[in-house]
Each structure stands twice: as structure tokens, then as C-alpha cells.
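K.L.:
how would this look folded up:
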Amino acid sequence: MGKIARRTLDIAMAVLTLILMGGNDLFYSAFSDLDSGLVHEILGVVLFVLWAVHIVWNRAWIKGVIKGKYNALRIVRTVINAGVIVCVLFLMISGVMISSHVFSWLGIESGASFARNAHMLASHWYLVFVSLHIGLHLSLFIRGKVATGITLTLAAYGIYAFIARGLWKYLTLQQPFFFLDLERGYVLFALDYIAIMALFAMAMQFVMTTMIKYSR
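P.N.:
Residues are numbered from 1 along each chain as shown. The predicted model follows:
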């Protein structure tokens, strides 16, 4: 039951990550009777809570960070996991600062411009680190030739999606505002971002497999 709960949590977090990458615009049509920003903020808080649960469940890893010897693979794993945690914290802090609904009662007005840039930057680096994190454990989710073939196909398409969606611009703050091309539709948006996640996950699994092979 523990494994089922953990896998369910991981899948829920991945789905929420994908949904939240669409920003407020993703909810504009689907929730026309609600403020799209409110939906985005609520789901953001839910994702943060799920990350807190995930970290508590994996607290043994945190306790063991300063223990034992480090080889190249362990360094890579630690950097990726630390990157996820840093991005999550930046997302939550900046999200609270620019909140117009859930945390508006705090009355935070200063630093909003910086917080928006930090939120956009952290969200896209979060996507990268989360995808790499998934790659560390991809064998738990992708098994069999068919599943591997589908994932490889998605990863190959992810190269095009990464360029077409201009993610490199967000990662380097060359794009100051998030833009969701609604004319391409929500389905294609989801496919593109799933493919991008598959790209980084498969790349990480390849790197990890190679490092394990040559460390023997």
C-alpha cells in the first residue's frame, strides 16, 4: 500500500506540474466563471503541500546527505534533488508575494516585479529539475519495449517542442513574460510539455546508466 500511495503521489505531482506550467491562461476558458488566477494559486498551494509530503516520506535521503562517500552519480543526484527543493521554495515565496487571492491578506506590495520574474524563472527551471528527478527513477514507471519506445519517441519530439515553445528563453530570462499560444490548443500544449519532460527524463536516465556502467 505504501508503494501505491507513493506512486499515486508522484503521478499527481507530475500532473499538477504540467497543468501549472500553463500559467493563468490555461484556466481562462475552462473556468470562465472563476478567476483563472485563483485556480492557479490554489493548485500551486496543493502542489507545495504534496511536495512537503514527498519530502517527509523521503526524509531518510535528507538525513543521509552528509553521510557516506560521494561518487559522481551521487553528486549528480544530490544536485538535482537540491535544485528541485530550491525551485519549489522560490516558487512558493514568489507566489505568495504576487498572490492576488490566497495570500492577498498578507498585504505584500513591495518587490512584486522581482517576484514575477523570479516565479517565471523558477517555474521553468523547476520543470527541468523535476524532469531530471523523474529520470533518476524512470525505470520504476517505464517498463517494457513498448513503453520505452513511446517514451523515446516523445523525447525525440521533445527536442522540437523545447525549441518551438521557446523554453530556453524562459530559462535565461530572455522572455520577460509567459506566453501561452491558445491558438495551438490545450491538447498540443500538454503533448509538448509531456514530451519536454520525457526529453530531460530520458537524457538523465541515459547519463545515469552510462555513469553506473563506467563506474564498475
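K.L.:
how about the helices of the protein, start to end?
P.N.:
For the chain, the helices defined by DSSP state H occupy 2-20, 36-57, 59-63, 72-97, 112-136, 145-164, 167-171, 185-215.
K.L.:
just so I know, which of the ones you listed lies nearest residue 178?
P.N.:
Judged by Cβ to Cβ, the one of the helices of the chain that comes nearest to residue 178 is helix 112-136, at 5.6 Å. For glycine as for every other residue, the C-beta is placed from the backbone atoms N, C-alpha and C.
K.L.:
what packs against the closest one?
P.N.:
Under the contact criterion of 3 or more Cβ pairs under 8 Å, 6 or more residues apart in numbering; DSSP states H and E, helix 112-136 touches helix 2-20, helix 72-97, helix 167-171, helix 185-215.
K.L.:
next, residue 143: phi, psi?
P.N.:
Phi and psi for residue 143, reported as degrees, to the nearest 10, are phi -130, psi 140.
K.L.:
how near is it to residue 123?
P.N.:
Between residue 143 and residue 123 the computed distance is 30 Å (Cβ to Cβ, to the nearest Å).
K.L.:
before we move on, what about residue 152?
P.N.:
To residue 123, residue 152 is 26 Å away according to Cβ to Cβ.
K.L.:
so which of those two has more stuff around it?
P.N.:
Neighbour count, other Cβ atoms under 10 Å: between residue 152 and residue 123, residue 123 has more, with 21 against 13.
K.L.:
tell me who's in contact with that one.
P.N.:
The contact partners of residue 123, taken as Cβ atoms under 8 Å, 6 or more residues apart in numbering, are 20, 21, 87, 91, 170.
K.L.:
same question for residue 177.
P.N.:
Residues in contact with residue 177 (Cβ under 8 Å, 6+ apart) are residue 120.
K.L.:
want to throw the helices and strands packed on helix 112-136 into CSV with mean pLDDT, distance to residue 40 and mean neighbour count?
P.N.:
Formatted as CSV, the helices and strands packed on helix 112-136 follow (pLDDT from 0 to 100; distance: least, Cβ to Cβ, whole Å; neighbours: other Cβ atoms under 10 Å):
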stretch, mean pLDDT, distance to residue 40, mean neighbour count
helix 2-20, 88, 7, 14
helix 72-97, 94, 9, 17
helix 167-171, 93, 17, 16
helix 185-215, 89, 15, 17
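K.L.:
okay, those helices in a markdown table with distance to residue 57 next?
P.N.:
Below are the helices and strands packed on helix 112-136 laid out as a markdown table (distance: least, Cβ to Cβ, whole Å):
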| stretch | distance to residue 57 |
| --- | --- |
| helix 2-20 | 6 |
| helix 72-97 | 13 |
| helix 167-171 | 29 |
| helix 185-215 | 21 |
